[in-house]
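A.B. asks: please find the sequence and the predicted model below.
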Amino acid sequence: MKPDNVRGKDLDKKAFAEATRIKYELKAEYAYDMGFAVSRYLMGLKEGKIVGIRCHKCGRILVPPRSFCEQCYVPIEDFIELSGRGKVNTFSISYVKWDASRIEKPEIPAVIELEGASPGVGILHVLGEVDPKDVHVGMQVEAVFKEEKDRKGEITDILYFRPVR
Amino acid sequence: MGLKLKRKVAVIGAGLTKFMRRALETGRELGFYAARQALDSSGLRFKDIESVVISTAPDAFDGVHMKTEWLADGCGSFHRPYLRGYVGGGSGVFALIQGWYMVASGMFDTCLVVAEEKMSCCQPHPQGAFNTIFDHTLERDLGVNLLWIFALEMNRYMQVHNISLEEIALVSVKNKKNALDHPSAQIAKAVTVEEVLASEVMAWPVHRLMVSPTSDGAGAVVMASEDVARRVCEKPVWVEGVGWCLDTAFWTNRDLYYPDYVEKAAKMAYEMAGITDPRREIHIAEPYDPFAYKELHHLEGLGLADRGQAPKLLAKGVFDRDGDLPSCPSGGLLGVGNPIAAAGMMKCCELFWQLRGEAGKRQVTRPVKRGVAQAWGDLMQVGTVIVLGV
Amino acid sequence: MGIISKVTKNIEGKAHYYKFPVWYDYTVGIAGEVFAKNLKEKGVLTGAKCPCCGKVYLPPRVYCEECFEEIKDFLPLDPVGVVETYCEVCEDIDGNKFEKPKVVAFVRIDGSCGGLFGYVEGSIQIGEKVKAEIVEEGKRTGTIFDIICFKKVG
């Protein structure tokens, strides 16, 4: 039967701890530029608004905004203010963090299709002020922003999306 | 596209290491084990290898910058022209596509293709290295992790087609059981649907037993021109079609329920292979299964089931080893393991052995002359497909 | 307005900062463990000899890169060799200047076709023979840090 003579020495946690190991702390820090379109988006968030952009060629209204339409491959610049409301396209209820550690109170990431953008066009964010049991695809939601004084021009200026009352 | 294959290329040897949670071996040593085994099974000598493709996903896992250059001498690249293949998880199949065009172009008669991953070095958990896949300004600050994106896609797929968790859990049951017969398997186990659904909810709807593990491992194949293959190999496995396609990284602007990029990659490969009715003309499939629902998602993208219907066919036993269209007879990523690039390679190796009747206890019941392997990667973006036949 | 003008157009924006959050714990591998054991227990280096061409690799490895044969023959080597090249490092990785430049050499270890990097105490010339000062027995870890520095022989 193939494969035969498979090689490899699997270490359990104890054996791994006892093996000769070299630890290395990677020093990798980044200062990313935003670019033209995302800068405008973040300026909008600081003002408590969600801004999209329209492609004059295909007519799609896109968010997050971008400097070019990736389907038509042309530069675009018509920014459009959106309502800040939308509907849940898909969601998850997560008990695991980036480092695989577990949390008791789950986070609810979701893709939210934004009102005013083309159908199916959405952003990633989290849901709040909602019981995980009540979340469903198609749920109408609205953005909840931080207090004006606390906004910095970052995606976290939106605290979360909550069900429309 | 209408591409006519000018030069036939075959896979003539294959090798695979164990897939492990934490290997003692370095990446270079793993690469050597797999490459040497592939070479030994090919009938060629090391000096007959004219070119090398090395496929390995993020440098961030092994923690070595320019990882392939570091792996290179262990993977047989000494003083040879070499190419790196890197499309995230799609790399393992993409590596064979690159090996194919190294030889099909006429530039080389032989190519050693190696895929390797050593994820265990990355602390506190290899999952952390995936964080940088998300948009640096608009997504990472939300506390993202890789499980989110699969859970979001799985939920959408279930929602659009009204698929239940039980139907998806059957994939874990099938693959983990199949893997019991795979010598390289890391997490083979006989489990029931109930056990899968009782396993820890990581990011609903994803349960722990629906997720492939992080792994260390390597695999390799030797590819050769028709001339060389017919001289040294008793039963060459021919590359009949290749395809690959990348979708946009603006993943929140697409409907995740269906992998368009897999369909387009498959179309390219089937056209090249002259396949017009994949469900009849493909006899065995190794679609990429990092999560249980993904196998179904990809079977539909490959045109081997109608949209939303893969779960129904699975429940009927169509995709079992003794079914009409065996899928992941190897045990897949869910059973054998998921060292990112090497996982796709494992699938190609499986097709190689199945098509030659060498898969032993894993050998599928029905006669097989043609199979498809598919891998996926990046931000729900890339489809890489290869059709192999005898 | 074309895209080129946007590059030069003055807009409000700032950089977004990110620190890559992972660190690494590398195993040293099959050959590396032999090297570690010999260094820790006996204070010697280890070479790996190809059964086909006879080349002795240091650091040791389980394969010969030229013959692609497996190597199982590991031999002890004294930490003595010849300076092949060296440089004087004046600042650290972050650009902070050292009080006194540090000399780093690549030492071709006798009996092998390989060698090691190491700090050198004192001034050095290419071609000079050096020997490693090893950490005392009982305090060694089996890693490259067991070599304190290389010193001129004689």
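C.D. replies: Okay, I see it. Residues are numbered from 1 along each chain as shown, chains lettered A, B, ... in the order given.

A.B. asks: look at the residue in chain A that chain B sits nearest to and report its pLDDT.
C.D. replies: Taking Cβ to the nearest Cβ as the measure, chain A has A:Met1 as its residue closest to chain B, at 2.3 Å. To be clear about C-beta, it is placed using only N, CA and C from the backbone, and glycine gets the same treatment. The confidence metric pLDDT takes the value 94 at A:Met1.

A.B. asks: and it, how close does it get to B:Ser184?
C.D. replies: A:Met1 sits 11 Å away from B:Ser184 when distances are taken as Cβ to Cβ, to the nearest Å.

A.B. asks: do B:Ala38 as well
C.D. replies: Counting by Cβ to Cβ, the gap from B:Ala38 to B:Ser184 is 14 Å.

A.B. asks: of the two, which one has the most company?
C.D. replies: For B:Ala38 against B:Ser184, the residue with the higher neighbour count under other Cβ atoms under 10 Å in any protein chain shown is B:Ala38, and the figures read 30 against 25.

A.B. asks: phi first, then psi, for that one.
C.D. replies: For B:Ala38, the backbone dihedrals are phi -60, psi -40 (criterion: degrees, to the nearest 10).

A.B. asks: ok, the top helix by length along chain C near chain A or not?
C.D. replies: For chain C, the longest helix by residue count, based on DSSP state H, is helix C:29-42. Yes - residues of helix C:29-42 contacting chain A under Cβ under 8 Å from any Cβ of the partner chain: C:30, C:32-33, C:36.

A.B. asks: ok, the residue of the stretch 251-390 of chain B found nearest chain C - contacts?
C.D. replies: Across the stretch 251-390 of chain B, no residue is closer to chain C than B:Pro339, which sits at 14.5 Å (Cβ to the nearest Cβ). Remark: with contacts taken as Cβ atoms under 8 Å, 6 or more residues apart in numbering or on different chains, B:Pro339 is in contact with B:19, B:116-119, B:215-218.

A.B. asks: check which helix or strand covers the residue most central in space within chain C.
C.D. replies: The C-alpha lying nearest the average C-alpha coordinate of chain C belongs to C:Phe117 (Cα atoms, centre = their mean; 4.6 Å). When secondary structure is defined by DSSP states H and E, C:Phe117 falls within strand C:115-120.

A.B. asks: between the contacts of B:Pro339, which is nearest B:Phe319?
C.D. replies: B:Phe319 has its nearest neighbour among the contacts of B:Pro339 in B:Phe19, at 21.9 Å by Cβ to Cβ.

A.B. asks: which residue is the nearest non-sequential neighbour of the closest one?
C.D. replies: Nearest in space to B:Phe19, with sequence neighbours left out and distances taken as Cβ to Cβ, 6 or more residues apart in numbering or on different chains, is B:Gly337 at 3.1 Å.

A.B. asks: isn't A:Ala117 up against A:Val63?
C.D. replies: Yes - A:Ala117 is within contact range of A:Val63, at 4.9 Å (criterion: Cβ atoms under 8 Å).

A.B. asks: find the residues that touch each one of these two.
C.D. replies: Residues touching both A:Ala117 and A:Val63 by Cβ under 8 Å, 6+ apart: A:52, A:82.

A.B. asks: can you check my assumption that A:Met43 lies in a helix?
C.D. replies: Yes - the assignment for A:Met43 is a helix, going by DSSP: H, G, I helix; E, B strand; the rest coil.

A.B. asks: and B:Gln127, what pLDDT?
C.D. replies: What the model reports for B:Gln127 is a pLDDT of 88.

A.B. asks: equivalent analysis for C:Ile3, please.
C.D. replies: Looking at C:Ile3, its pLDDT reads 51.

A.B. asks: kindly report the same for the one 5 residues further on.
C.D. replies: The predicted structure scores C:Thr8 at 48 on the pLDDT scale.

A.B. asks: so where do the strands sit in the stretch 151-300 of chain B?
C.D. replies: Along the stretch 151-300 of chain B, counting by DSSP state E, counting those that start in this stretch, strands occupy B:201-204, B:206-207, B:216-225, B:237-246, B:284-286.

A.B. asks: now distance to C:Val62, neighbour count and pLDDT too, for the contacts of B:Pro339, in TSV please.
C.D. replies: TSV is the format used below for the contacts of B:Pro339 (distance: Cβ to Cβ, whole Å; neighbours: other Cβ atoms under 10 Å in any protein chain shown; pLDDT from 0 to 100):
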residue	distance to C:Val62	neighbour count	pLDDT
B:Phe19	19	33	98
B:Glu116	14	36	97
B:Glu117	19	33	96
B:Lys118	15	34	96
B:Met119	21	26	95
B:Ser215	20	28	96
B:Asp216	16	33	97
B:Gly217	16	33	98
B:Ala218	13	40	98
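
A.B. asks: which one of those is nearest to A:Leu159?
C.D. replies: For the contacts of B:Pro339, the minimum distance to A:Leu159 (Cβ to Cβ) is 34.2 Å, reached by B:Met119.

A.B. asks: wait, that closest one touches B:Ile340, no?
C.D. replies: Yes - between B:Met119 and B:Ile340 there is a contact under Cβ under 8 Å: 7.0 Å.

A.B. asks: can you spell out which helices and strands pack onto the strand holding C:Phe117?
C.D. replies: With contacts defined as 3 or more Cβ pairs under 8 Å, 6 or more residues apart in numbering or on different chains; DSSP states H and E, the packing partners of strand C:115-120 are strand C:80-91, strand C:97-109, strand C:129-134, strand C:147-152.

A.B. asks: buried ones in the longest one?
C.D. replies: Using 16 or more other Cβ atoms under 10 Å in any protein chain shown as the test for burial, strand C:97-109 gives C:102-109.

A.B. asks: got it, and stretch C:66-77?
C.D. replies: Of the residues in stretch C:66-77, C:67-68, C:71, C:74-75, C:77 count as buried by neighbour count, 16+ other Cβ under 10 Å.

A.B. asks: now do stretch A:62-75
C.D. replies: A:62-69, A:75.

A.B. asks: could you identify the most distant pair in those residues?
C.D. replies: Greatest spatial distance in these: A:Val63 and A:Pro75, 17.3 Å, computed using Cβ to Cβ.

A.B. asks: near chain A, anything from stretch B:209-223?
C.D. replies: Yes - on the criterion Cβ under 8 Å from any Cβ, stretch B:209-223 is in touch with chain A at B:216-217.

A.B. asks: is any part of that stretch close to chain C?
C.D. replies: No - taking Cβ under 8 Å from any Cβ as the criterion, stretch B:209-223 and chain C are apart, separated by no less than 9.2 Å.

A.B. asks: so what would you say the end-to-end distance of that stretch is?
C.D. replies: Looking at stretch B:209-223, the gap from its leading to its trailing residue is 35 Å under the measure Cα to Cα, to the nearest Å.

A.B. asks: run the chain-centre distance for that stretch.
C.D. replies: With Cα atoms, centre = their mean, to the nearest Å as the basis, the distance from the averaged C-alpha position of stretch B:209-223 to the chain average is 8 Å.

A.B. asks: which parts of that stretch are buried?
C.D. replies: Of all the residues in stretch B:209-223, those buried under the rule 16+ other Cβ under 10 Å are B:209-223.

A.B. asks: can you give me the pLDDT of B:Leu152?
C.D. replies: Reading off the confidence values, B:Leu152 has pLDDT 97.

A.B. asks: skipping its backbone neighbours, what lies nearest it in space?
C.D. replies: Closest residue in space to B:Leu152, ignoring its immediate chain neighbours: A:Thr90 at 4.7 Å, by Cβ to Cβ, 6+ apart.

A.B. asks: who's in contact with the one you found?
C.D. replies: Residues in contact with A:Thr90, defined by Cβ under 8 Å, 6+ apart, are A:110-111, A:137, B:152-153, B:155-156, B:159, B:256.
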